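[1] Sequence and computational prediction follow.
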Amino acid sequence: MELHHTHSELVMHIVITGAESTGKSTLAAALALHFKAPYSKEFVRNFVDQSQRSPEPRDLETIVAGQIALEDASKSAASGKMVFHDTNLLSTIIYAKHYFSGKLDWLADQFYERHYDFYLLCMPDFPWIPDPGQRESPQARKDLHKKFLQHLESMHLPYACISGSQAVRLETAIRTIKVLSK
């Protein structure tokens with residue numbers, strides 16, 4: 001599995017993605033630490049914490065701009081050959097379609113303007129943990145997981161499924177990334 005960068009990118013962008021309560025943030029932080037690489041956090045998590053409410057359709061532009069800013073900052077901080085993203089605009093698209101209705105072509109356009117090399121899809125295979133304002137339910141997690149899988153497949157995005165305990169996920173992700181970066 002060798003990556004050929006189609007852009008003048010020298011930095012590999014790896015996105016940790018998946019439904020709610022699947023260990024994305026934990027895995028992103030652990031991978032960044034292991035590879036001594038920067039990572040962008042999930043903007044919407046901080047947004048919800050600061051606003052103390054769930055996102056609404058009127059918040060989408062702020063969320064998109066914030067996510068892009070975090071990703072760009074982590075890319076600027078990359079002195080090595082990789083950067084990790086604790087979600088990206090694909091998550092915003094999926095969650096916006098799930099929770100809000102309406103046309104989201106502008107959001108898809110923003111996504112397609114960005115460059116990502118590989119996705120690590122966190123599987124919903126451990127207990128769901130409630131997080132008020134951030135997570136809906138175990139059933140929503142199952143539904144969202146299906147949507148993430150459908151989007152990755154239909155958009156022909158390169159990905160690997162990451163499952164098991166946190167330690168196993170980290171081991172699997174490290175092995176996968178080492179193969180990709182050869």
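    Received it, and whenever you're ready, just let me know what you need.
[2] Break down the chain into its strands, ranges please.
    Listed in chain order, the strands of the chain (DSSP state E) span 12-17, 39-40, 82-86, 118-122, 159-162.
[3] Including mean neighbour count and distance to Lys147, could those strands go into TSV?
    All C-beta atoms are positioned from the backbone trio N, CA, C, and that covers glycine. As requested, the strands of the chain are exported to TSV (neighbours: other CB atoms under 10 Å; distance: least, CB to CB, whole Å):
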stretch	mean neighbour count	distance to Lys147
strand 12-17	26	11
strand 39-40	25	22
strand 82-86	26	18
strand 118-122	23	11
strand 159-162	18	14
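[4] want to throw those into TSV with mean pLDDT and distance to Arg141?
    As requested, those are arranged in TSV below (pLDDT from 0 to 100; distance: least, CB to CB, whole Å):
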stretch	mean pLDDT	distance to Arg141
strand 12-17	97	13
strand 39-40	96	22
strand 82-86	96	17
strand 118-122	98	11
strand 159-162	97	15
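[5] Export those to TSV and append columns for distance to Leu60.
    Output for the strands of the chain, formatted as TSV (distance: least, CB to CB, whole Å):
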stretch	distance to Leu60
strand 12-17	18
strand 39-40	18
strand 82-86	18
strand 118-122	22
strand 159-162	24
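[6] and Ala65, which of the ones you listed is closest to it?
    strand 39-40 (13.3 Å; CB to CB).
[7] which one is the residue nearest the centre of the chain nearest to, not counting chain neighbours?
    Among the residues of the chain, the one closest to the centroid is Thr87, at 1.7 Å (CA atoms, centre = their mean). Closest residue to Thr87 apart from its sequence neighbours, by CB to CB, 6 or more residues apart in numbering: Glu42 at 4.6 Å.
[8] so what's the one you found up against?
    Neighbouring residues of Glu42 by CB atoms under 8 Å, 6 or more residues apart in numbering: Lys24, Ser25, Gln67, Asp86, Thr87, Ser91.
[9] Cheers, nothing more for now.
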